[in-house]
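what follows is a predicted protein model with its sequence.
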Amino acid sequence: MKRIILEYIRKVFNSIYKLLSPFRLGHEFIDSIIQNSWQDIIRVKHNECDLQFVVPNSLNRFRALTFSTKEPETLEWIDGLTKGSVLWDIGANVGLYSCYAAKARNCRVFAFEPSVFNLELLSRNIFNNGLSDKIVVLPIPLSDKLSISKLNMTNTDWGGALSTFGKEYGHDGKTLKKTFEYQLVGLSIDEVIKLLKIPAPDYIKMDVDGIEQLILAGAKNSLKKVKSLSIEINEDFTEQRHNCEKILTSAGLKFKQKRHSEMFDNGTFKNTYNQIWVR
């Protein structure tokens with residue numbers, strides 16, 4: 001029923017757009033609606049940490065409203081980070097966890113996010129929370145080696161996910177239903193540290209929807225010094241799960257636990273967990 005209503009609203013809006021767009025005042029009216037959507041902010045409080053996030057669409061509103069409940073295991077992991085440490089947030093999306101780590105734990109955060117549709121929200125959230133001196137945005141994808149390849153995307157939504165760099169499969173190992181693509185230069189973690197001269201991570205949070213094993217393969221030197229790592233793994237993608245476990249174990253890290261929120265007990269992501277690895 002909800003989907004039917006949303007589809008009806010979408011059709012009505014498209015009709016209004018077609019009616020108004022030929023006229024200058026119509027363009028100005030439509031522009032004002034889009035601009036006002038970027039002014040909508042939801043304030044979040046978690047463990048005495050106050051944050052605010054831009055919510056230009058329903059997806060980002062959902063992310064903000066479920067901040068404390070969508071990935072409680074990730075927030076608990078961040079709460080255990082050493083204050084003032086270096087965190088790499090790989091697949092930062094719009095920066096909810098980057099902002100929390102920077103504000104709650106005073107971390108120096110390097111936020112890796114290649115999606116052009118997410119970068120503006122990421123930057124706005126960093127600025128609105130007064131964290132421009134704490135968080136560095138790196139709009140590049142990570143992989144196992146230096147390469148030029150495509151970022152294959154399932155959607156172009158602000159705050160969207162489920163994209164893969166350089167591969168045609170998604171988070172579950174199945175063929176990606178691609179709707180958009182563009183080329184980027186990708187680097188490995190070890191190459192980023194060597195070539196860009198940025199601090200090696202004390203901690204890594206990784207959520208990249210499908211190529212976790214490739215990114216870990218390009219970090220064999222760096223992983224030896226990482227204190228702890230939180231990585232999202234879909235257990236239906238058996239090859240990836242086994243390869244990630246092998247690489248992390250070889251780096252001297254030990255599996256601690258896997259968890260996900262109760263909201264994921266059923267459905268597409270029921271076998272997807274955030275794994276915590278520690279030294």
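Perfect, thanks for sending it.

tally of neighbours for Leu196?
Around Leu196 there are 11 other residues, counting by other C-beta atoms under 10 Å. (C-beta placed from N, C-alpha, C; glycine too.)

spit out the contact partners of it.
Neighbouring residues of Leu196 by C-beta atoms under 8 Å, 6 or more residues apart in numbering: Leu187.

report pLDDT for it.
Listed pLDDT for Leu196 reads 96.

ranges for the helices of the stretch 51-200 of the chain?
For the stretch 51-200 of the chain, the helices defined by DSSP state H, counting those that start in this stretch occupy 58-65, 67-70, 72-79, 96-104, 116-128, 189-196.

what's in contact with the third one?
Looking back up the chat, that one is helix 72-79. Contact with helix 72-79 is made by 46-47, 68, 87, 97, 100-101, 104-105, 205, 228, 230, 257, 259-261, 274, 276, as judged by C-beta under 8 Å, 6+ apart.

could you check it and say which residues are buried?
Neighbour counts over helix 72-79 (16 or more other C-beta atoms under 10 Å) mark 72-75, 77-78 as buried.

next, the angle helix 96-104 makes with that helix.
Interaxial angle, helix 72-79 versus helix 96-104 (axes from the mean of the first three to the mean of the last three C-alpha atoms, to 10 degrees): 30 degrees.

averaged pLDDT, helix 72-79. What do you get?
Per-residue scores along helix 72-79 average to 98.

show me how far that helix is from its chain's centre.
15 Å (C-alpha atoms, centre = their mean, to the nearest Å).

now swap in the shortest one and tell me
The chain centre lies 15 Å from the centre of helix 67-70; the measure is C-alpha atoms, centre = their mean.

tell me what that helix is packed against?
Applying 3 or more C-beta pairs under 8 Å, 6 or more residues apart in numbering; DSSP states H and E, we find helix 67-70 packed against strand 41-46.

name the residues that touch the strand it packs on?
Contacting residues not belonging to strand 41-46 are listed as 50-55, 61, 64-65, 67-68, 75, 100, 104, 128 [C-beta under 8 Å, 6+ apart].

quick one: residues contacting Ile215.
Contact analysis of Ile215 by C-beta under 8 Å, 6+ apart lists 90, 142-144, 188-189, 206, 208.

ignoring the adjacent residues along the chain, who's closest to Ala104?
Nearest non-adjacent residue to Ala104, counting by C-beta to C-beta, 6 or more residues apart in numbering: Cys49, 4.4 Å away.

next one: the one you found from Gly91, what distance?
22 Å (C-beta to C-beta, to the nearest Å).

bridged to Arg108, which residues?
Per DSSP bridges, the residues bridged to Arg108 are Val86.

my guess is it contacts Pro199. True?
Yes: applying C-beta atoms under 8 Å, one finds Arg108 in contact with Pro199, separated by 6.9 Å.

host element of Thr249?
Taking DSSP states H and E as the criterion, Thr249 maps to helix 238-250.

now the angle from the next helix or strand after that helix to helix 72-79?
As assigned by DSSP H and E, the chain's next helix or strand after helix 238-250 is strand 254-259. Relative orientation of strand 254-259 and helix 72-79, computed by the same axes, to 10 degrees: 140 degrees.
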